[in-house]
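Asks: Below is the structure, and that's it, no one-letter string:
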């Protein structure tokens with residue numbers, strides 16, 4: 001019953017604080033007493049976007065790149081748009097899109113089913129250094145791995 005008097009209660013609170021409250025607090029392994037820097041890399045986010053150089057042989061331009069149509073990057077309320085930055089693409093390039101399904105059978109089946117629901121309502125257009133995919137109707141409810149291809 002030593003904790004029932006005032007000094008005992010203070011000792012209990014000090015013991016609890018020492019056991020439960022961290023002595024140093026950090027964010028991304030940086031002490032709060034310093035300027036904390038949070039970057040995409042420190043959070044484990046994608047830091048590089050897949051890209052491909054467009055090659056030209058004579059009058060033929062070609063390239064392809066595998067990307068994932070991330071659910072969070074669709075914009076709008078319908079029609080929905082997805083912009084992919086692709087240096088070297090021009091407004092006159094013809095870009096095609098195709099599903100690049102997972103090698104995991106369960107994922108591949110779900111991706112193929114989702115692709116079947118939305119792909120017929122996709123329109124794709126190129127601009128300078130950008131490809132815009134427009135989904136008329138519904139946008140995908142799964143992240144879809146796709147291949148974008150330029151062949152002119």
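Replies: Okay, I see it. Here the structure is a predicted model, which means the values were calculated and not measured.
Asks: what about stretch 134-145, how long is it end to end?
Replies: 16 Å (Cα to Cα, to the nearest Å).
Asks: in it, what counts as buried?
Replies: For stretch 134-145, the buried set under the neighbour-count rule, 16 or more other Cβ atoms under 10 Å, comprises 135, 139, 140, 142, 144, 145. For every residue, glycine as well, the C-beta is placed using N, CA and C.
Asks: Let me have the residues you listed in JSON lines, adding distance to residue 88, pLDDT and secondary structure as columns.
Replies: Below are those laid out as JSON lines (distance: Cβ to Cβ, whole Å; pLDDT from 0 to 100; DSSP: H, G, I helix; E, B strand; the rest coil):
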{"residue": "135", "distance to residue 88": "25", "pLDDT": "89", "secondary structure": "strand"}
{"residue": "139", "distance to residue 88": "27", "pLDDT": "86", "secondary structure": "coil"}
{"residue": "140", "distance to residue 88": "26", "pLDDT": "88", "secondary structure": "coil"}
{"residue": "142", "distance to residue 88": "29", "pLDDT": "87", "secondary structure": "coil"}
{"residue": "144", "distance to residue 88": "23", "pLDDT": "88", "secondary structure": "strand"}
{"residue": "145", "distance to residue 88": "22", "pLDDT": "88", "secondary structure": "strand"}
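Asks: Next, work out how far apart residue 94 and residue 74 are.
Replies: Distance, residue 94 to residue 74, by Cβ to Cβ, to the nearest Å: 23 Å.
Asks: More neighbours: which of these two?
Replies: residue 74 (15 against 12; other Cβ atoms under 10 Å).
Asks: give the contact list for that one.
Replies: For residue 74, the contacting residues are 80, 81, 82, 135, 139, 140, by Cβ atoms under 8 Å, 6 or more residues apart in numbering.
Asks: how deep is residue 147 tucked in, by neighbour count?
Replies: Neighbours of residue 147 (other Cβ under 10 Å): 13.
Asks: quick one: it is in a helix?
Replies: No - counting by DSSP: H, G, I helix; E, B strand; the rest coil, residue 147 is not part of a helix but strand.
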